[in-house]
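[1] 3D, please:
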Amino acid sequence: MSTAAAGPAQARVLIAADNAPTRVGLRLALEAEAVCTEAGDSESAIAAAVRERPDVCLLDFDTPGRGLRAVSEIVSRAPGVVVIVLTKEVGEEEFLAAVRAGASGYLPQGVDPARLPHVVRSVMRGEAAVPRHFVAKLIDALRGPERRRRSIVLAGERRVELTSREWEVVELMRVGHSTKEIAEELAISQVTVRRHLSAVYAKLGVDGRAAALKLVEPA
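    Reported below is the predicted structural model:
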């Protein structure tokens, strides 16, 4: 880990990425306005966040499962640390999973370095770093699971009500995620995923994933 000299008004930023050039680039972009501590993997990031309590953690999210778990761990074990996930590319489900885990937003790894100090100051004021193309998706998610669960129907228009978590599991199942991947995305155990899947299968009246996928349609 490396640390720069602090000024009285500087933010404290933890840069967590397994790629050294990425860490260096982010630190150089922020060094005029922030004290930057570095971590090379998710475990080190969690430990550093708990130990040092930075204002902001810029967390590499590109390692499947580990990034999401790190968000959840940092938010729960180091309250007050604002987590922004960094990734080359993120889909809607991954973005929402990060937000549900406690992240305050997302930035592409290729973000203009000149923007970083502004983003750090903004999130410290309580603002979220949300890309414009995700705003509508986030608003829809925040309107509540009740509406979303009513949008699942069986072929033939027979409506089936799912809980919010069952809906999340079904959505990830529909895009091809395995039980292990669903567990990682939602930061829950594989046993819990199987329990939700069993409940979904019972409600649909089927005996497995393949049969469920044939029946479930978006409304």
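
[2] going by C-alpha atoms from here, please, whenever you check contacts or count neighbours.
    Will do.

[3] low-confidence ranges, this protein, go.
    Along the chain, the parts satisfying pLDDT under 70 run over 1-9, 62-65, 89-93, 131-159, 216-219.

[4] okay, now the domains of it?
    11-140, 145-218 (automatic domain parsing).

[5] what's the helix or strand for the closest residue to G208 other than its chain neighbours?
    In space, G208 comes closest to Y201 once its chain neighbours are excluded; the distance is 6.4 Å by Cα to Cα, 6 or more residues apart in numbering. Using DSSP states H and E, Y201 sits within helix 190-204.

[6] swap in L107?
    Using DSSP H and E, L107 falls in strand 106-108.

[7] elements contacting that strand?
    Taking 3 or more Cα pairs under 8 Å, 6 or more residues apart in numbering; DSSP states H and E as contact, the helices and strands that strand 106-108 lies on are strand 82-87.

[8] which strands or helices does the strand it packs on pack on?
    For strand 82-87, the elements it packs on are strand 56-60, helix 66-77, strand 106-108, judged by 3+ Cα pairs under 8 Å, 6+ apart.

[9] out of these, which gets nearest to R174?
    Among those, helix 66-77 comes nearest to R174, with 20.0 Å by Cα to Cα.

[10] pick the most buried one from the domains of the chain.
    The highest mean neighbour count among those, using mean count of other Cα atoms under 10 Å, belongs to domain 11-140: a mean of 19.

[11] picking up where we left off before, next structured bit after the strand holding L107?
    helix 116-124.

[12] where does T22 fall, phi/psi-wise?
    Here is the backbone geometry of T22 (degrees, to the nearest 10): phi -60, psi -40.

[13] same thing with A11?
    phi -80, psi 160.
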